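**Q** model this:
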Amino acid sequence: MKDLILIATIFMTSATGLTIDFGKDKTGASWRIVNDEVMGGLSTSEINLKDDSLLFTGNVSLENNGGFASVRTLIDEGALNNCKIMIIRYKSDNTNRDFGLSLKSSQQYYIPYYKHIFSPKTKDWETIEVPLSEFKHYKISEIIGNNMPTEALKDVFNIVLIISDKKEGEFNIEIDYIKFI
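**A** Residues are numbered from 1 along each chain as shown. Sure, this is the predicted structure:
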């Protein structure tokens, strides 16, 4: 099991936001892979640093009650406090798969969190802007509530990129940056 992988990233924090910009010449921060193997599943994944992006690839297996692969990082609690929008630039060969970006105030899987689901439309670079208020309240991959209240941002310290779309098979997604403004 891959417990910890160091990925070169730069976190630029300001009074108005946070930028996660991937690239091999940038300063390091720890990201780690967490797949369904923590609960007996058989999904696999890896992350690779390209010149200016992070490539997250793997295979989702539904065997043994599996079904997800993720990569996650910790941020300073309160770093998103004044943010209103998430912007992510990505591309994927999997235009039939759904990916999610979760904002969590706990590292425990059973504690509710907020997530936005997005689906690549083409195999080219795409940029989406999503109001943070549109992130939905989830618990163990099921929607349990409405949109994220602004006050929830002060407690977020964990960001997760996840694929948990209940589909078996290979996946890939390349991320250029994630910005919170």
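**Q** And the residue nearest to the spatial centre of the chain, how far from Ser70?
**A** Centroid-nearest residue in the chain, with CA atoms, centre = their mean: Leu161, separated by 1.6 Å. To Ser70, Leu161 is 6 Å away according to CB to CB, to the nearest Å. (Glycine included, C-beta is placed from N, CA and C.)
**Q** what about the residue nearest to the centre of the chain, which SS state?
**A** strand (DSSP: H, G, I helix; E, B strand; the rest coil).
**Q** which stretches of this protein have low pLDDT?
**A** 1-16, 24-30 (pLDDT under 70).
**Q** Now do the SS call for the most far-flung residue of it relative to its centre.
**A** Here the chain reaches farthest from its C-alpha mean at Asn64, the gap being 23.4 Å by CA atoms, centre = their mean. Following three-state DSSP, the label given to Asn64 is helix.
**Q** The closest residue to it other than its chain neighbours: neighbour count?
**A** Nearest non-adjacent residue to Asn64, counting by CB to CB, 6 or more residues apart in numbering: Gly40, 4.6 Å away. Gly40 has 10 neighbouring residues, counting by other CB atoms under 10 Å.
**Q** same question, Asp51
**A** 8.
**Q** Please look at it and Asp176 and confirm they touch.
**A** No. Assessed by CB atoms under 8 Å, Asp51 is found out of contact with Asp176, at 10.6 Å.
**Q** roughly how far apart are Ser106 and Met148?
**A** Distance from Ser106 to Met148, by CB to CB: 15 Å.
**Q** in its sheet, what does whichever helix or strand Tyr114 is part of sit against?
**A** Using DSSP states H and E, Tyr114 sits in strand 113-118. Strand 113-118 pairs in its sheet with strand 99-104 (antiparallel), strand 136-139 (antiparallel), by DSSP bridges.
**Q** all strands for this structure, in order.
**A** For the chain, applying DSSP state E gives strands covering 5-14, 17-22, 28-35, 44-49, 54-60, 69-74, 85-91, 99-104, 113-118, 126-131, 136-139, 142-147, 158-163, 169-180.
**Q** Measure how the last one sits relative to strand 17-22, angle-wise.
**A** Read it as strand 169-180. Relative orientation of strand 169-180 and strand 17-22, computed by axes from the mean of the first three to the mean of the last three CA atoms, to 10 degrees: 140 degrees.
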